[in-house]
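Student: Need coordinates for the below:
(one chain, ligands or ions: 1)
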Amino acid sequence: SNPAPIPTIEPDMDHLPEHPMPPHQKRHALTIMKAIKRLKDAGPFLKPVDIVKLNIPFYYNYIKKPMDLLTMEKKIQVDAYEAPKQLVDDFELMVQNCFIFNGKNSVISQMARNIQASFEKHILHMPPKDAPAESTRR
Ligand SMILES: CN1C(=O)c2ccccc2Sc2cc(NC(=O)[C@@H]3CCCO3)ccc21
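Tutor: Prediction:
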C-alpha cells in the first residue's frame, strides 16, 4: 500500500574502504565495465532502474539493494571496492534483482544472463592483487 522509499544511493562516500583495490586491478575493472556497457543487451542496465519512467512505484518494496552498471563504474572510480570479488557480487546482485522483479524466464533476465556471461569471461583476466611489478618479475 505504501511505495518504499529509494534505498541509500551508492557509492557511500562516507564509508569508503581503507585499503581499496590496487591501481592495476582498478584499471582492469574499468576496462571490463567499458566493454560490458558496449554490449547490445547492456542497455537496460546502464543506469539505475527508473521507477518513474517504468511506472513501477513498488520496485523498492521488492528490491532492497538496487544495482546497475553505472553505479558499479562509479564505485570503481571512487575506490569503493576492496577486491574484484565485490565487483562480481554487485554484478550478481544486479542480475538477481532482475530475476526477482521480472522472473527468470523474462526477456530482460536473458539479457542480464548474456551480459553476465561476458563479464565472467573478462573477469578471468583480472590480474592478481599482488601481481609482480615488471621490474621484479623473474
Ligand atoms: C533492468 N530493468 C528491469 O529490471 C525492469 C523492471 C521493471 C520493468 C521492466 C524492467 S526491464 C528494464 C527496462 C529499462 N528501460 C529503461 O530504462 C528505458 C526508459 C524507460 C523505458 O526504457 C531499464 C531497466 C530495466
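Student: Next up, identify which helix or strand residue 26 is on.
Tutor: helix 23-37 (DSSP states H and E).
Student: One more: residue 112?
Tutor: helix 107-123.
Student: Can you list the helices and strands that that helix packs against?
Tutor: helix 23-37, helix 84-102 (3 or more Cβ pairs under 8 Å, 6 or more residues apart in numbering; DSSP states H and E). The C-beta positions use only the backbone N, C-alpha and C, and glycine is treated the same way.
Student: one more time with 10 Å, if that's ok
Tutor: Contact partners of helix 107-123 among helices and strands, from 3 or more Cβ pairs under 10 Å, 6 or more residues apart in numbering; DSSP states H and E: helix 23-37, helix 69-77, helix 84-102.
Student: and the angle for the last one with helix 69-77?
Tutor: Using axes from the mean of the first three to the mean of the last three Cα atoms, to 10 degrees, the direction of helix 84-102 lies 160 degrees away from that of helix 69-77.
Student: Can you list the buried residues in helix 84-102?
Tutor: Using 16 or more other Cβ atoms under 10 Å as the test for burial, helix 84-102 gives 84, 86-88, 90-91, 93-98, 101.
Student: try stretch 17-29
Tutor: Buried residues in stretch 17-29 (16+ other Cβ under 10 Å): 20, 21, 25, 26, 28, 29.
Student: Just the mean pLDDT for it, thanks.
Tutor: Across stretch 17-29, pLDDT averages out at 98.
Student: who's in contact with stretch 19-36?
Tutor: 42, 45-46, 69-70, 72-84, 86-87, 91, 115-116, 118-119, 121-123, 125-131, 133 (Cβ atoms under 10 Å, 6 or more residues apart in numbering).
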